[in-house]
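A.B. asks: sequence unknown, structure follows:
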């Protein structure tokens with residue numbers, strides 16, 4: 001079967017339309033652009049025989065995918081992503097239980113119990129209001145409300 005230039009153009013347009021119809025991710029787009037480029041090269045007679053056209057399509061599509069996809073995604077990121085965890089630093093909670101100096105205990109924060117590490121050298125007594133100074137995963141590091149880090 002002979003590959004004509006317009007075959008590449010049709011395949012390229014279908015792939016670009018497929019990218020528009022998909023959820024995104026910008027994978028199919030680069031294959032569509034590569035097919036369009038091979039179609040243009042083929043129309044001008046520089047793409048060579050069918051095996052070379054398929055080789056060019058493969059190299060252009062995979063190469064452009066690897067080179068341009070990440071910068072394209074960063075460029076299209078209109079709103080910077082918020083931190084993965086809601087910033088809790090500075091929030092005030094209440095010790096549910098006694099927390100020894102440097103020890104771990106429970107803290108009620110925003111109506112939910114959290115694991116808390118006492119970041120001071122003094123014990124936090126149950127009912128003490130505490131300020132969050134650091135967050136590590138699901139563990140909050142706290143000091144007494146009026147205390148220093």
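C.D. replies: That came through, no problem. Keep in mind that this is a model prediction, so the values were computed, not measured. Numbers count the residues shown, from 1 in each chain.
A.B. asks: all strands of the protein, in order?
C.D. replies: 92-95, 104-109, 112-118, 129-136, 139-144 (DSSP state E).
A.B. asks: so how far is residue 25 from residue 7?
C.D. replies: 26 Å (Cβ to Cβ, to the nearest Å). Using the backbone N, CA and C atoms, a C-beta is placed for each residue, glycine as well.
A.B. asks: neighbour count: those two, which is higher?
C.D. replies: Each of residue 7 and residue 25 has its neighbours counted (other Cβ atoms under 10 Å); residue 7 has more, 16 against 10.
A.B. asks: any idea how far residue 26 is from that one?
C.D. replies: Taking Cβ to Cβ, one finds residue 7 at 24 Å from residue 26.
A.B. asks: buried sites along the longest helix along the chain?
C.D. replies: For the chain, the longest helix by residue count, based on DSSP state H, is helix 50-76. Within helix 50-76, the residues that count as buried by 16 or more other Cβ atoms under 10 Å are 53, 56, 57, 60, 61, 64, 65.
A.B. asks: which of the residues you listed sits closest to residue 16?
C.D. replies: residue 61 (12.2 Å; Cβ to Cβ).
A.B. asks: I figured residue 134 hits residue 89, correct?
C.D. replies: Yes - in this structure, residue 134 is within contact of residue 89 by Cβ atoms under 8 Å, at 6.8 Å.
A.B. asks: more neighbours: these two, which one.
C.D. replies: Between residue 134 and residue 89, counting by other Cβ under 10 Å, residue 134 is the more crowded of the two (14 against 11).
A.B. asks: so what's the spatially closest residue to that one that is not a sequence neighbour up against?
C.D. replies: What sits nearest to residue 134 in space, not counting adjacent residues and going by Cβ to Cβ, 6 or more residues apart in numbering, is residue 141, at 4.0 Å. Residue 141 is in contact with 116, 117, 119, 132, 133, 134, 135, counting by Cβ atoms under 8 Å, 6 or more residues apart in numbering.
A.B. asks: for the protein, which spans come out with low pLDDT?
C.D. replies: Applying pLDDT under 70 to the chain picks out residues 1, 78-86, 147-149.
A.B. asks: before I go, just wanted to say thanks for your time.
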